[in-house]
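K.L.:
Okay, here's the prediction I keep looking at, along with the sequence it came from:
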Amino acid sequence: SGHAGSAARAATSALGAAAARDGADPLAEPPAGRIEVTAPQPGVDFKSNGSFAVAWKNTTGEEVDIWLDAKTGHGRWQRLGLVASRAPARPTGEVIVTLPQVPPGRSYFLEVATTGDGAVRGFSRTFAVTD
């Protein structure tokens with residue numbers, strides 16, 4: 001048998017070891033800065049499997065991923081697919097993305113998020129996807 005404190009210390013040490021192995025720093029501050037999506041402009045429709053430019057301003061100093069998302073109702077949304085990954089960590093960025101095959105609809109938008117944790121995100125306005 002042992003002390004209850006010993007068991008708690010052992011459990012805490014084991015958790016710390018797992019976090020250290022995973023590269024997580026529980027005391028790390030969240031990334032500072034923000035991401036603002038500047039293109040595509042509102043009111044533009046896109047074709048499924050079509051390509052277009054996405055632009056943003058990024059003050060986080062981190063690389064970003066660009067995701068295609070869709071509103072699912074009641075204030076919720078779902079990521080549908082990664083359309084560009086690891087864009088450079090510059091103050092402004094632009095890439096050409098190609099939409100995956102998705103059904104026509106008016107509730108799509110793009111999410112530009114810091115690579116990995118996605119702690120900082122910017123969103124485009126919604127747009128329609130046509131056949």
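P.N.:
Structure received.

K.L.:
Next, the contact list for residue 96, please.
P.N.:
Residue 96 is in contact with 51-54, counting by C-beta atoms under 8 Å, 6 or more residues apart in numbering. Using the backbone N, CA and C atoms, a C-beta is placed for each residue, glycine as well.

K.L.:
do the same with residue 93
P.N.:
For residue 93, counting by C-beta under 8 Å, 6+ apart, the contacting residues are 55-56, 58, 64, 87.

K.L.:
Just among those, which is most surrounded?
P.N.:
Within these, residue 64 tops the neighbour count with 27 neighbours, counted by other C-beta atoms under 10 Å.

K.L.:
Point out where this structure drops to low pLDDT.
P.N.:
1-31 (pLDDT under 70).

K.L.:
which stretches of the protein form strands?
P.N.:
For the chain, the strands defined by DSSP state E cover 35-39, 45-47, 51-58, 64-73, 76-87, 92-98, 105-114, 121-123, 127-130.

K.L.:
Return the distance of the longest one from the chain's centre.
P.N.:
Relative to the mean C-alpha coordinate of its chain, strand 76-87 is positioned 6 Å out (C-alpha atoms, centre = their mean, to the nearest Å).

K.L.:
measure stretch 86-101 end to end?
P.N.:
22 Å (C-alpha to C-alpha, to the nearest Å).

K.L.:
For that stretch, buried residues please.
P.N.:
Of all the residues in stretch 86-101, those buried under the rule 16 or more other C-beta atoms under 10 Å are 87, 93, 95, 97, 99.

K.L.:
State the pair within the residues you listed that is farthest apart.
P.N.:
93 and 99 (18.6 Å; C-beta to C-beta).

K.L.:
Many thanks, we can stop here.
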